[in-house]
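> Below are the sequence and a predicted model for it; my questions follow.
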Amino acid sequence: MNTQRLFALLKMELKKIIREPAYVFLMFLFPAVLTIIFGFTFSDPELGMPFSAMAPGLFAYACIFIIMIVAQSFSDEREQGLLRRLSITPMKASDFMGSQILSNMIIAMVQVLIVFILAQLFDFKPQTDILGILLAIILMAIFSLSSVGLGLITATISKSAGVATGLSFLFILPQMFLGTFIPITSNTRVIAVFLPSYYVTDALTSIFNGDSLLSANILIDFSVVSIVSIMIVIIGIQLFDKFGNK
């Protein structure tokens with residue numbers, strides 16, 4: 001992997017995202033709008049579920065939509081022949097994939113900051129220090145790897161960007177309803193434990209509740225998210241390189 005090529009691609013990828021209104025909305029405005037809507041909704045005591053209780057799930061919820069963006073992006077670039085043209089240049093697949101991974105990790109960290117700042121408007125007061133906030137940001141960056149991997153898997157089995165958008169919800173919806181801000185029951189936990197978003201939300205809840213950053217619960221959640229996310233992104237890269245990059 002060439003560092004110079006990697007950062008040149010990373011710069012290009014970030015510029016592309018910023019210049020595309022749909023990407024900007026999903027990546028940055030969507031988490032902001034979502035936080036504000038849920039903040040006003042759950043600030044009503046009649047609902048019986050305070051905003052602070054479901055706020056950790058918002059961080060994971062926003063990051064999950066990276067699946068759709070990655071699936072659309074790779075499907076578009078394949079249709080336009082960009083990936084085929086790259087294959088005949090000195091650019092290596094590892095450089096291109098590395099830029100995708102880094103750009104989405106950066107986006108995930110920005111999303112955390114957006115949600116965190118706006119959540120303060122609705123009396124979200126995490127009982128942690130700066131180290132806890134940094135750990136939450138790192139956790140979300142690692143979690144973004146699973147979203148990139150699932151996006152690559154979606155792009156592999158999709159014939160167009162439109163199809164990729166629809167298929168991406170096969171990975172988005174389960175994590176959205178069973179691993180973020182919706183309360184887990186004894187029945188749904190049977191499925192939720194297989195979703196990385198469940199462990200992300202659980203870890204964030206512990207962090208924001210002021211638990212020790214070295215507590216067994218946080219360390220286990222962090223380990224599960226790291227291992228699963230790395231495995232998913234490796235599988236996604238292998239599948240797309242073998243079957244989707246054609």
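Everything's here; your move.
> what about Lys21, how many residues close to it?
That one is not Lys; residue 21 is Pro. Residues near Pro21, counting by other Cβ atoms under 10 Å, number 9. The way it works is simple: take the backbone N, C-alpha and C, and place the C-beta from them, glycine included.
> So it versus Phe28, what's the distance?
The gap separating Pro21 from Phe28 is 11 Å, by Cβ to Cβ, to the nearest Å.
> Skipping its backbone neighbours, what lies nearest the most centrally placed residue in the chain in space?
In the chain, the residue lying closest to the centroid (Cα atoms, centre = their mean) is Cys63, at 2.8 Å. Spatial nearest neighbour of Cys63, excluding adjacent residues (Cβ to Cβ, 6 or more residues apart in numbering): Ala108 at 5.0 Å.
> And stretch 145-160, what's buried?
Judged by neighbour count (16 or more other Cβ atoms under 10 Å), stretch 145-160 contains these buried residues: 145-156, 158.
> would a markdown table of these with secondary structure be doable?
Formatted as a markdown table, the buried residues of stretch 145-160 follow (DSSP: H, G, I helix; E, B strand; the rest coil):
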| residue | secondary structure |
| --- | --- |
| Leu145 | helix |
| Ser146 | helix |
| Ser147 | helix |
| Val148 | helix |
| Gly149 | helix |
| Leu150 | helix |
| Gly151 | helix |
| Leu152 | helix |
| Ile153 | helix |
| Thr154 | helix |
| Ala155 | helix |
| Thr156 | helix |
| Ser158 | coil |
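> got the residue ranges for the strands in this protein?
Applying DSSP state E to the chain gives no strands.
> which regions of it lie under the pLDDT threshold?
Flagging of the chain using pLDDT under 70 yields the residue ranges 1-2, 43-48, 82-93, 244-246.
> re earlier: check contacts around the residue nearest to Cys63.
Going by Cβ atoms under 8 Å, 6 or more residues apart in numbering, Ala108 touches Cys63, Ile66, Met140, Ala141, Phe143, Ser144, Ser147.
> What distance do you get for the fifth one to Glu79?
With distances taken as Cβ to Cβ, Phe143 is found 28 Å from Glu79.
> Which of those two has more residues huddled nearby?
For Phe143 versus Glu79, neighbours defined as other Cβ under 10 Å are more numerous around Phe143 (28 against 12).
> wait, what's in contact with the nearest residue to the more buried one once chain neighbours are set aside?
Leaving aside its sequence neighbours, Phe143 sits nearest to Val200 (Cβ to Cβ, 6+ apart; 4.9 Å). Val200 makes contacts with Phe59, Ala60, Cys63, Leu139, Met140, Phe143, Gly179, Asp221, Val225, as judged by Cβ under 8 Å, 6+ apart.
> ok, now Ile153?
Taking Cβ under 8 Å, 6+ apart, we find Ile153 in contact with Phe171, Ile232, Ile235, Gly236, Leu239, Phe240.
> Among the residues you listed, which one sits closest to Ser103?
Gly236 (15.2 Å; Cβ to Cβ).
> Verify the contact between the closest one and Leu145 for me.
No: using Cβ atoms under 8 Å, Gly236 is not in contact with Leu145, being 9.1 Å away.
> where do the helices sit along the protein?
Secondary structure of the chain (DSSP state H): helices at 3-19, 21-24, 30-42, 51-64, 66-79, 82-86, 93-119, 130-157, 161-178, 189-192, 196-208, 216-239.
> Does the last one pack against any helices or strands, and if so which?
Applying 3 or more Cβ pairs under 8 Å, 6 or more residues apart in numbering; DSSP states H and E, one finds that helix 216-239 contacts helix 130-157, helix 196-208.
> can you redo the ones you listed as a markdown table with distance to Asp123?
Shown next, in a markdown table, are the helices and strands packed on helix 216-239 (distance: least, Cβ to Cβ, whole Å):
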| stretch | distance to Asp123 |
| --- | --- |
| helix 130-157 | 17 |
| helix 196-208 | 13 |
